[in-house]
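A.B. asks: Give me a model of this one.
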Amino acid sequence: TTSDVLSYSKGVVLQSTPDPTSPEEPKSNAGIDISTNPALYSVRISRAMGIDWGTDLSFSFVSVRAIEPGGAADYSGIISVGDQICQMQSVEQTENGEVVGEPINLVGAPFDAVMGSFAALGKNVRELDLVFFKGTKEELIAAAKGSDGSSQADPEDEFITITVIEKGEGNTPSTIKKIRAKKGCNVRQTLTDVGINVYQSFTRWTNCKGKQLCGTCIVNMAEGGVNTNRKSMDEASTLRENPETYRLSCVTFAYGDVTVETFPPIGKAQWTR
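C.D. replies: Prediction:
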């Protein structure tokens, strides 16, 4: 058997520790062992949870923002506003009995990834086994570190890779560069720091220097968009005539590996706003 120790690594990783007293058997991930920390708890709850989820500006580390009065979470008697979601398992009742799905680790996951996990549940799933951490984001991160303050995770997991498809202007061929960056980095700042231009034509000299005033640092988030913060209403309005994967790099923050394409095709109307 294995018992999982809470750890924070790339936002969504658990460490599994083999039990030396158990005989060898097929590997099975039983999920987070809530006995490893008194702030962890598990609860079985209706799929219609009555929970309003939220995050801070990092759009990761999803927590309970509000609880619907009289809803399943309210009646649980244990779920509180501010509790951090750590794990989810589906529970399905079949003719052959109860079937519990594989645990989905949600520690530090982006908001869209958590909501996507809920949305992807099968239509026959009526209940969920959830693991929460009763505390703040900072306390959850601290709990994922060893008693001496050192992280159980590989220090390399604090970094991400930004793959840049640097499209040349005109007929110049594209080049591919890989950048090792700190998790949560600003995409525009990271690219410009290594000499990659995110501005097309004359806007490289007339831009607002990353103050979200000109709307000209447009890139295409070709892969890994789920690892970035969500678009604000202002950003979505500025890019409304462009594909959903287009982002203003000055307000885009990467929390996992992404692939960024510079100089994506943009209509003339974009420059007349």
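A.B. asks: Tell me the secondary structure at the residue nearest to Q87 when sequence neighbours are not counted.
C.D. replies: Nearest-residue entry for Q87: V131, 3.9 Å, with adjacent residues in sequence omitted and distances by Cβ to Cβ, 6 or more residues apart in numbering. Every residue, glycine included, has its C-beta placed from N, CA and C. Each residue gets one of three states, and V131 gets strand by DSSP: H, G, I helix; E, B strand; the rest coil.
A.B. asks: Tell me how many other residues crowd V131.
C.D. replies: 24 (other Cβ atoms under 10 Å).
A.B. asks: Tell me the secondary structure at D56.
C.D. replies: The assignment at D56 comes out as coil when based on three-state DSSP.
A.B. asks: Now do the same contact list for L128.
C.D. replies: In this structure, L128 makes contact with 44-47, 49, 88-91, 121, judged by Cβ atoms under 8 Å, 6 or more residues apart in numbering.
A.B. asks: coming back round to it: the residue nearest to Q87 pairs with what?
C.D. replies: On the basis of DSSP bridges, V131 is bridged to S42, Q87.
A.B. asks: For V226, see how far away it is.
C.D. replies: Taking Cβ to Cβ, to the nearest Å as the measure, V131 and V226 are separated by 22 Å.
A.B. asks: S237 too?
C.D. replies: Noted for S237: a distance of 22 Å to V226, by Cβ to Cβ.
A.B. asks: what do you get for T206?
C.D. replies: Counting by Cβ to Cβ, the separation of T206 from V226 is 33 Å.
A.B. asks: Neighbour count: these two, which is higher?
C.D. replies: Remark: of T206 and V226, V226 carries more neighbours, 16 against 10, as counted by other Cβ under 10 Å.
A.B. asks: So the more buried one belongs to a helix, correct?
C.D. replies: Yes - inclusion of V226 in a helix is indicated when three-state DSSP is applied.
A.B. asks: isn't it right up against P110?
C.D. replies: Yes - with contact taken as Cβ atoms under 8 Å, V226 and P110 are classed as touching, separated by 5.8 Å.
A.B. asks: Give me the common contacts of the two.
C.D. replies: In contact with both V226 and P110: G256, using Cβ under 8 Å, 6+ apart.
A.B. asks: circling back: who touches the residue nearest to Q87 in this structure?
C.D. replies: Remark: with contacts taken as Cβ under 8 Å, 6+ apart, V131 is in contact with 31-32, 34, 40-42, 85-88.
A.B. asks: how far away is it from V99?
C.D. replies: On the measure of Cβ to Cβ, V131 and V99 end up 19 Å apart.
A.B. asks: all helices for the stretch 51-200 of the chain, in order.
C.D. replies: Taking DSSP state H, counting those that start in this stretch as the test, the helices found in the stretch 51-200 of the chain are 72-76, 111-119, 137-143, 187-193.
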